[in-house]
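J.: just coords:
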Ligand SMILES: [Zn+2]
């Protein structure tokens, strides 16, 4: 089993197994903006340590057997949206509309059979 050397801010260099290291990649719409970190519990002082990682560090940790936890971009972020952002007037219109409508689904759902 591979030994991974990492540095704890309190203890200095420590040896870890791949199971003791966690890699997390929070995906962004553009891969270059994804946020990558690796983390471990220090075997000496038991503090949790998390550090940023570039693509090369992630690749090396994966090749050593560390499992990557990927946090995907929500599907909504990839949707195409038209029009401007909602403003206060839009929100007030919605609140006024909600005050006079009890059955929202009937008004919002597409009409059936048309
Ligand atoms: Zn430590």
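T.: On my side now, so go ahead. From a predicted model like this one, the values you see are computed outputs, not experimental measurements.

J.: Residue 22: what's its closest spatial neighbour, skipping adjacent residues?
T.: Distance criterion C-beta to C-beta, 6 or more residues apart in numbering; nearest residue to residue 22, sequence neighbours excluded, is residue 39 at 4.8 Å. Just so you know, the C-beta spots here come from the backbone N, C-alpha and C atoms, and that holds for glycine as well.

J.: Can you name the helix or strand that that neighbour falls in?
T.: Using DSSP states H and E, residue 39 falls within strand 35-41.

J.: Show me what counts as buried in that strand.
T.: 36-40 (16 or more other C-beta atoms under 10 Å).

J.: swap in stretch 53-66?
T.: 53, 58, 61, 66.

J.: and for the helix or strand that the strand holding residue 39 is followed by, what are the contacting residues?
T.: Using DSSP H and E, the helix or strand that directly follows strand 35-41 along the chain is strand 48-52. With contacts defined as C-beta atoms under 8 Å, 6 or more residues apart in numbering, strand 48-52 is touched by 6, 8-9, 35-42.

J.: For strand 48-52, which strands pair with it and how are they oriented?
T.: strand 35-41 (antiparallel) (DSSP bridges).

J.: Can you name the element that comes right after the lengthiest helix in the chain?
T.: Counting by DSSP state H, the longest helix found in the chain is helix 88-100. Under the assignment DSSP H and E, the closest C-terminal helix or strand after helix 88-100 is helix 104-108.

J.: That next one - what's its average pLDDT?
T.: Across helix 104-108, the average pLDDT comes to 73.

J.: what separates it from the chain centre, distance-wise?
T.: 33 Å (C-alpha atoms, centre = their mean, to the nearest Å).
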